[in-house]
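Novice: Take a look and give me a structure for this.
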Amino acid sequence: MEVGTEARPSIATLWSWLEQVPDPEIPAVSVVDLGIVRDVVWDPVEGDVCIVTVTPTYSGCPATDVIGNQIRDALEAHGVARVRLELQLSPAWTTDWLSQAAREKLRVYGIAPPVAGGVSEQAVDLSQLRRNVGSTPSVECPRCGSSRTELTSQFGSTPCKALYRCNACLEPFDYFKCH
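Specialist: Below you'll find the predicted structure:
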């Protein structure tokens with residue numbers, strides 16, 4: 001059944017459907033949990049077109065097309081026949097947009113959530129053309145909760161993660177980098 005303007009779902013219902021769309025790289029969290037779905041509206045001119053505005057975690061994210069297809073598929077499965085995805089690159093996505101639920105889901109999944117203030121570790125001093133070497137954030141192990149952890153690689157299983165090792169339980173784990 002096609003959704004017309006007289007029977008279209010509420011915006012709250014559309015959001016609830018999108019909360020069920022998993023991130024393709026981290027299926028424990030939804031695209032809404034991550035904060036990459038920025039807005040959902042019915043087109044004011046063509047009332048039967050659902051517009052979903054998405055900001056990828058970074059402009060070159062390889063999962064952007066997959067996420068768009070998953071969003072479209074989820075809404076179409078609920079009878080929304082016309083979905084338009086709009087990409088919004090500014091303001092750029094930030095880990096500040098992660099919901100508290102997403103942070104907890106990441107931890108339970110075995111990925112340390114971003115630590116407030118961690119962005120400064122990536123700051124570049126252009127006047128000196130060198131990377132500022134500051135203290136790395138204190139990252140808790142998602143398995144045992146210890147803060148006795150160390151960065152082993154800035155590059156984790158995906159570009160948005162770094163690899164850490166816990167010195168207490170000796171397990172490696174991903175850390176979701178601050179952006």
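Novice: which of the residues in stretch 57-72 are buried?
Specialist: 57, 61, 63, 64, 67, 68, 70, 71, 72 (16 or more other CB atoms under 10 Å). All C-beta spots, glycine's among them, are computed from the backbone N, C-alpha and C.
Novice: Ranking helices and strands of this structure by mean pLDDT, which lands last?
Specialist: strand 124-125 (a mean of 40; mean pLDDT, DSSP states H and E).
Novice: which stretches of the chain form helices?
Specialist: 11-18, 64-77, 100-109 (DSSP state H).
Novice: Any regions of the protein where pLDDT drops low?
Specialist: 1-6, 116-136 (pLDDT under 70).
Novice: tell me the domain ranges of the protein?
Specialist: 11-87, 98-176 (automatic domain parsing).
Novice: now the strands: where do they sit in the protein?
Specialist: 37-42, 49-54, 82-87, 111-112, 124-125, 130-131, 149-153, 161-166, 172-176 (DSSP state E).
Novice: Compare those and report which one is nearest to residue 138.
Specialist: strand 149-153 (7.9 Å; CB to CB).
Novice: and the spatially closest residue to residue 148 that is not a sequence neighbour, how many neighbours?
Specialist: Counting by CB to CB, 6 or more residues apart in numbering, residue 167 is the residue found nearest to residue 148 once chain neighbours are left out, at 4.3 Å. When neighbours are defined as other CB atoms under 10 Å, residue 167 has 12 of them.
Novice: in terms of contact, does residue 167 touch residue 144 like I think?
Specialist: No - with contact defined as CB atoms under 8 Å, residue 167 does not reach residue 144; the gap is 10.3 Å.
Novice: contacting residues around stretch 75-93?
Specialist: Contacts with stretch 75-93, where a contact means CB atoms under 8 Å, 6 or more residues apart in numbering, come from 1-3, 8-9, 14, 17-18, 35-36, 38, 43, 46, 48-59, 64, 68, 71-72, 179.
Novice: So residue 43 is in contact with residue 53, correct?
Specialist: No - the pair residue 43 / residue 53 is not scored as a contact, 12.0 Å apart, by CB under 8 Å.
Novice: who touches both of those two?
Specialist: Contacts common to residue 43 and residue 53, judged by CB under 8 Å, 6+ apart, are absent.
Novice: which residues does residue 52 bridge with?
Specialist: Counting by DSSP bridges, residue 52 is bridged to residue 40, residue 85.
Novice: Next one: residue 115 relative to residue 43, how far apart?
Specialist: 40 Å (CB to CB, to the nearest Å).
Novice: Please compare the two by neighbour count and tell me which comes out ahead.
Specialist: residue 115 (18 against 13).
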